[in-house]
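Asks: no letters, just coordinates:
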């Protein structure tokens, strides 16, 4: 029979079992961490009506989207988790209590040009807090506190959450009379890291069409750097010139103060005036998160405050604040860089039972006992030679092999072999379960990410 | 601005937060249970190349599939988790250790005619064991044992896993010289429950074209019912007439014996000769699972033994055995029938902190303390009246409200209010965390499903 090549599409991640297990451990930590901060899990369809997903319309999104018809229906795959959230909140408004706090970890789809480390199907892990009409600024400080806690639990150490405020930026542009050019300016300033201030200044003059003194003002402002107290003290120099700026500055001060209250160390967050994010969506605090030893990766977690989540669906004013981890890309990069722990247990089971007798009853009983005690147990039922059985145990990387021969059956014990040290001991099923569980807990105690 | 209706497509399940939480609890139990039996989690793309997904081709599948083009690519959404597994195993054959045991809980897509309780996007929760060339029959007994354990942990009591064997059936048809009509016969016999034996007999004669005496033989065989020992003793009467039948009978005897060894009570499994499953895929033991008080639902968990998982992709002989829970449908039915527990904690958090002072520092500190102690905690930061805050606590159904006013700040305590009983007590943060955790564990201790 002619065979079809069992290929996976390019841009679609499909992991080997051990790698998948690491990703699962990361997802489990995300779920637990988000839940601990009082977010409810949400799940929305991957397919939506195209008119619903594209209500906002516009540029890049529309080009990248997976859109198709089925029967008479014009359908599309979600390209983020924010639009489905907006739809959900608008549709279920009456049933929800506000602030509505949800997390969602799900796959989204973008038909980007395929290249290494770029994915067309990828997980996002989002949290958002949605208010009804109003939403307190406390939430704008809690969101990065959650990211700090989550990243720390994952094992990340060298990261910095960069915080800015769109009112501050817009106020600054207004006081310089360059509000209408704000978009172009921000896109140009975004290149500071790559091309440096001199080149940015040239672009501001030549391409954005700014006067040299004004472009100087922008560069001076963007050059304000240092610890948070220093940056804020320098920003105070601009106070009184524009009400929106002052409002933004007050918000920034409040957010940085609360961030300390939430126990986020200053080394993990910084006011960064060059952060702007999306141009027409965010309206207050904005965030980006950088792995400080790997700035080349770009932001691994971004978001901010918005005033109008669902304006395309409802007249209700629904302000919110949220942040999104690009999980698939983060995992890919960590895996590539060898930053994922090899210490954790990634085998399909903790214990592999290898029966040495024809009659399998005692092995089945042992498997049942270990499982009831919470040991992830595989019963190897294939009739193969001892050497082949041990080779299988090695290949799956199981921590413990449990041998049951005639002696063990007669004595009512299990021979538990530590596959790492080679040590073997006879234990009752209850002892074996307790021993294996304690050992697994020890080995699995470390973080997923080594940083 | 004209609004787009924030609708969800028909046939796509989108749950309210409390319902979603119940589904999450079910999924968590499935993950834990599958892992305990030594299955590794797998994740494969939702989108595959159409030629890969449709390698097998054929009928109903092709009509229902979501298929579309993006650029030059002919793509399709997965319609089950078995074809992606076959692709995965064929593609990763060299990296895998066999038997390869994987579970996958994921969404699949079928463009069925929309009707109540029928979904176009739905979760399947699958386990499969794949051998390389051979696979011991022990696995055919372990699979239903896992389902028994999983269903029991979910809280299901009144269910029966029905077991049959395709070799037994095919052998029976062979000994009656009706092998070439086996497919038509099985499709007709499948109607026994609905139309009764007399009508089935008429159809076998009129439509399948059987002689009356042969159709009588079929009905006699299918009528064999009773406890497993009795059914097997009756099947022994047919031994010696067809080698395939004898092989199937031996397998059935072995499977039922091991099922007892695995601790599955006889009331939860039964040999049922009317079960056949897919006609050209399964080759040995087959399973269906019925909720005995709700036979109208049909099988909630089905599967069986197959000899050739990935013949469309590879020449390797890859026999396997697997079973699939139709999770979305199961959840829908249980929810409709009111069989999901209302006792479990489905609020987004265990504790809702309500600050009564303008200064939020102490509330932030309390939230951090409770979270570090593992209490799912929400900090309510909105500046609203006490009554509105309590109304919010009621609406999200939080088990405990934690009030922090000036007295509490001065005394260094938290006022913990049990929202169910109305009782309120002052506790230190550590006491509060321990008290709330213990209470939540108690309330969350029951099963998800009441049956």
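Replies: Received, thanks. Values in this document were obtained by computation on a predicted structure and should not be read as measured data.

Asks: just the helices in the stretch 1-150 of chain A please.
Replies: Using DSSP state H, counting those that start in this stretch, the helices of the stretch 1-150 of chain A run over residues A:17-36, A:50-53, A:59-64, A:82-91, A:138-154.

Asks: which of those helices has the lowest mean pLDDT?
Replies: Mean pLDDT is lowest for helix A:59-64 among these, at a mean of 76.

Asks: need the residues of the stretch 51-200 of chain A near chain B, please.
Replies: A:51-52, A:55, A:66, A:68-71, A:73, A:75, A:86-88, A:90-92, A:95-99, A:101-102, A:107, A:109, A:111, A:120-121, A:131, A:134-136, A:138-139, A:142, A:149 (CB under 8 Å from any CB of the partner chain). To be clear about C-beta, it is placed using only N, CA and C from the backbone, and glycine gets the same treatment.

Asks: which one, of the helices of the stretch 1-150 of chain A, ends up nearest to residue B:196?
Replies: Comparison of the helices of the stretch 1-150 of chain A against residue B:196 by CB to CB identifies helix A:82-91 as nearest, at 45.9 Å.

Asks: please name every helix or strand in contact with the closest one.
Replies: Identification of packing neighbours for helix A:82-91 by 3 or more CB pairs under 8 Å, 6 or more residues apart in numbering or on different chains; DSSP states H and E yields strand A:47-49, helix A:50-53, strand A:100-109, strand A:121-130, strand A:320-326.

Asks: would you mark the buried spots in it?
Replies: A:82-91 (16 or more other CB atoms under 10 Å in any protein chain shown).

Asks: how about stretch A:335-342?
Replies: Here stretch A:335-342 shows A:339-341 as buried, counting by 16+ other CB under 10 Å.

Asks: report how many residues lie close to residue A:281.
Replies: 16 (other CB atoms under 10 Å in any protein chain shown).

Asks: who's in contact with it?
Replies: By CB atoms under 8 Å, 6 or more residues apart in numbering or on different chains, residue A:281 lies in contact with A:304, A:306.

Asks: what does the model give residue A:194 for pLDDT?
Replies: Looking at residue A:194, its pLDDT reads 86.

Asks: that's a helix at it, yeah?
Replies: Yes: the assignment for residue A:194 is a helix, going by DSSP: H, G, I helix; E, B strand; the rest coil.

Asks: nearest to chain B within the stretch 101-250 of chain A, name that residue for me.
Replies: Using CB to the nearest CB, the single residue of the stretch 101-250 of chain A nearest to chain B is residue A:138, 3.2 Å away.

Asks: mind checking the SS state of the closest residue to that residue other than its chain neighbours?
Replies: Once flanking residues are discounted, residue A:138 sits nearest to residue B:381: 3.2 Å by CB to CB, 6 or more residues apart in numbering or on different chains. Here residue B:381 is coil, with the state taken from three-state DSSP.

Asks: and residue B:381, what does it touch?
Replies: With CB under 8 Å, 6+ apart, residue B:381 has these contacts: A:136, A:138-139, A:142, B:355, B:360, B:363.

Asks: so how far is stretch A:339-358 from its chain's centroid?
Replies: On the basis of CA atoms, centre = their mean, to the nearest Å, stretch A:339-358 sits 28 Å off its chain's mean C-alpha point.

Asks: name the residues of it that are buried.
Replies: Under the neighbour-count criterion of 16+ other CB under 10 Å, stretch A:339-358 has A:339-341, A:344-355 buried.

Asks: from start to finish, how long is stretch A:150-158 in a straight line?
Replies: The first and last residues of stretch A:150-158 sit 13 Å apart, counting by CA to CA, to the nearest Å.

Asks: with stretch A:258-268 instead?
Replies: First-to-last distance for stretch A:258-268 - CA to CA - comes to 14 Å.

Asks: is there proximity between it and chain B?
Replies: Yes: shown here: stretch A:258-268 in contact with chain B (CB under 8 Å from any CB) through A:258, A:261-263.

Asks: distance-wise, check residue A:94 relative to chain B.
Replies: For residue A:94, the distance to chain B equals 11 Å [CB to the nearest CB, to the nearest Å].

Asks: packing partners for whichever strand or helix holds residue A:162?
Replies: If you go by DSSP states H and E, residue A:162 is part of strand A:159-165. Under the contact criterion of 3+ CB pairs under 8 Å, 6+ apart, strand A:159-165 touches helix A:138-154, helix A:243-261, strand A:269-271, strand A:282-291.

Asks: how about 10 Å then?
Replies: Counting contacts by 3 or more CB pairs under 10 Å, 6 or more residues apart in numbering or on different chains; DSSP states H and E, strand A:159-165 packs against helix A:138-154, helix A:243-261, strand A:269-271, strand A:282-291, strand A:299-306.

Asks: ok, then the element right after that strand?
Replies: Next element after strand A:159-165 (DSSP H and E): helix A:166-175.

Asks: quick check: buried residues in stretch A:384-398?
Replies: Buried residues in stretch A:384-398 (16+ other CB under 10 Å): A:389-390, A:392-393, A:396-398.

Asks: can you list those residues in TSV and add distance to chain B, pLDDT and secondary structure?
Replies: Compiled in TSV, these are given as follows (distance: CB to the nearest CB, whole Å; pLDDT from 0 to 100; DSSP: H, G, I helix; E, B strand; the rest coil):
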residue	distance to chain B	pLDDT	secondary structure
A:389	11	97	helix
A:390	12	97	helix
A:392	6	97	helix
A:393	9	97	helix
A:396	5	96	helix
A:397	9	96	coil
A:398	9	98	coil
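
Asks: pull the most distant pair out of those residues.
Replies: Greatest spacing in these, by CB to CB: A:389 and A:397 (14.7 Å).

Asks: show me the shaky parts of chain A.
Replies: Within chain A, the stretches with pLDDT under 70 are A:1, A:58-60, A:278-279.

Asks: what residue of it is the furthest out?
Replies: residue A:410 (52.1 Å; CA atoms, centre = their mean).
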